[in-house]
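Student: Quick check, what structure comes out for this input:
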Amino acid sequence: MQKKLLTIAVAAALAAPVAVMADVTVYGQAHYSYDWVDGATVGGKSVSEDATGVSRNSRIGFKGAEDLGGGLKGVWQVEAEVNGNENGVDWRNTFVGLSGGWGTILAGRHDTPYKLATGKLDPFGDRIGDYNVVVASFNGVVTSDERAPQTIAYVSPNFAGFHGAIAYVSHYYADGKGDGDESDRAVSAMVMYDNAGFFASAAYEYGWGNNLAGVLAPNLAGALGLAALPGYMDEPSITSYKFGLGYTFAGFTIGGIYENIEVDIDKAGATAATAASFKGVDRDAYYVTASYAFGNNALKGFWGMADDIDDYKDSGAYMYGIGYDYNLSKRTTLYAMYAGINNENNGRYALWGGQGLNGSYSSNGHNVNGYSLGVIHKF
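Tutor: Residues are numbered from 1 along each chain as shown. Predicted coordinates:
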């Protein structure tokens, strides 16, 4: 009898961790490409002589929920990007929250509602033709399509295809100068309709702070054509809004985005001439895409344009590309694609992660062409 009880106790002890983990979902993807980019430069030196293997936003995540009764659930997620290019790990959406029939409230690091609003319209996400080359990019610097830390967000339930989200970001960080901490803040909101093949969205975001390094525009100086922000440029702000439309029918999907981003900087101490150069400068962007899926195949194409920044003339660019996907299964995809950027004399837009160099390798006025072969496996 004692042996039987001991056996039951040991079995229960071994099963306990499994029971605790029963509602945990493990998910992710492995994404690797082989790229050749013509026109890429770093420090004035060409890096396009050879093709290069690139790890592209490979990730692993864990998520789960606990039933708290009365229709209330505790929800959580921990997700990390496995950066094979630099042998490192970067945190992605990682949060804890509460969910019910009224929606979800979460706190942690998460995509802003602005970012979520048009992600569905990007057929080349994480590839060299990722739409962030133009969309949410202010002269090559992504300013308004971020995964923000220290975020509190509310996501509404879905009402016949309609839902929305709003978030407040309050990010504090050491300034590195030994004279105190800095802070950045942002408010982001979006509404979306996605039903019966029709898609429409609208989003707004306003960010402000000491230099927006933690939330938006980590390289705002580069976007304005400067080596660094002068000391008199304090409390910058970025105002962004965009609209997206899409329609899917008989294997075809078409979509388009319009966006405006305005950068404003408090120029206390600047001369009148210098101050005028950075007072409410903005740029418009346009993006259209089309794809056709048949069997295990998909053909895709896109065209995008960023207009000049107001007082920074000839700072626009055109972006275009085509691609082919072959789905070996629902989880594994092979692809081949081409993407190009034509920069005006002061434009510095670049392909997304070309040769593993993030988006900062283009010099002013350079045209960039890229070819990529890749494989994606989702689990």
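Student: Below-threshold pLDDT in the stretch 51-200 of the chain: ranges please.
Tutor: Along the stretch 51-200 of the chain, segments meeting pLDDT under 70 span 173-182.
Student: What segments of it are strands?
Tutor: Taking DSSP state E, counting those that start in this stretch, the strands of the stretch 51-200 of the chain run over residues 52-55, 59-69, 72-83, 88-91, 94-100, 103-111, 137-138, 141-142, 147-155, 162-174, 181-195, 198-209.
Student: who are the neighbours of the longest one, in terms of helices and strands?
Tutor: Meaning strand 181-195. Other elements packing on strand 181-195 under the criterion 3 or more Cβ pairs under 8 Å, 6 or more residues apart in numbering; DSSP states H and E are helix 113-116, strand 162-174, strand 198-209. For the C-beta atoms, the positions are set from N, CA and C on the backbone; glycine is no exception.
Student: out of the ones you listed, which comes closest to G97?
Tutor: Nearest of the helices and strands packed on strand 181-195 to G97, taken as Cβ to Cβ: strand 162-174 at 11.9 Å.
Student: got the CA coordinates for the closest one in PDB?
Tutor: C-alpha atoms of strand 162-174 as PDB (Å, rounded to 0.1, in the frame of the first residue of the first chain):
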ATOM      1  CA  PHE A 162     -14.700  47.000 -36.100                       C
ATOM      2  CA  HIS A 163     -12.200  47.400 -33.300                       C
ATOM      3  CA  GLY A 164      -9.800  50.000 -32.000                       C
ATOM      4  CA  ALA A 165      -6.800  50.600 -29.600                       C
ATOM      5  CA  ILE A 166      -5.300  53.400 -27.700                       C
ATOM      6  CA  ALA A 167      -2.000  53.500 -25.800                       C
ATOM      7  CA  TYR A 168       0.000  55.900 -23.600                       C
ATOM      8  CA  VAL A 169       3.800  55.500 -23.400                       C
ATOM      9  CA  SER A 170       5.900  57.100 -20.600                       C
ATOM     10  CA  HIS A 171       9.600  56.100 -21.100                       C
ATOM     11  CA  TYR A 172      12.300  57.100 -18.700                       C
ATOM     12  CA  TYR A 173      16.000  56.400 -19.300                       C
ATOM     13  CA  ALA A 174      19.500  57.500 -18.200                       C
END
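Student: Contacts for it next, please.
Tutor: Strand 162-174 has contacts (Cβ atoms under 8 Å, 6 or more residues apart in numbering) with 110, 112-113, 116, 148-157, 181-193, 207, 209, 213-215.
Student: tell me the contacts of G340?
Tutor: By Cβ under 8 Å, 6+ apart, the contact set of G340 is 319-321, 367-370.
Student: mean confidence for the helix or strand in which I254 is found?
Tutor: According to DSSP states H and E, I254 maps onto strand 252-266. On average, the pLDDT along strand 252-266 is 90.
Student: Okay, buried residues for that strand please.
Tutor: Neighbour-count burial for strand 252-266 flags 253, 255-257, 259, 261-266 (criterion: 16 or more other Cβ atoms under 10 Å).
Student: would you turn the residues you listed into a markdown table with distance to I60?
Tutor: Formatted as a markdown table, these follow (distance: Cβ to Cβ, whole Å):
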| residue | distance to I60 |
| --- | --- |
| T253 | 29 |
| G255 | 29 |
| G256 | 34 |
| I257 | 30 |
| E259 | 31 |
| I261 | 32 |
| E262 | 37 |
| V263 | 35 |
| D264 | 39 |
| I265 | 39 |
| D266 | 42 |
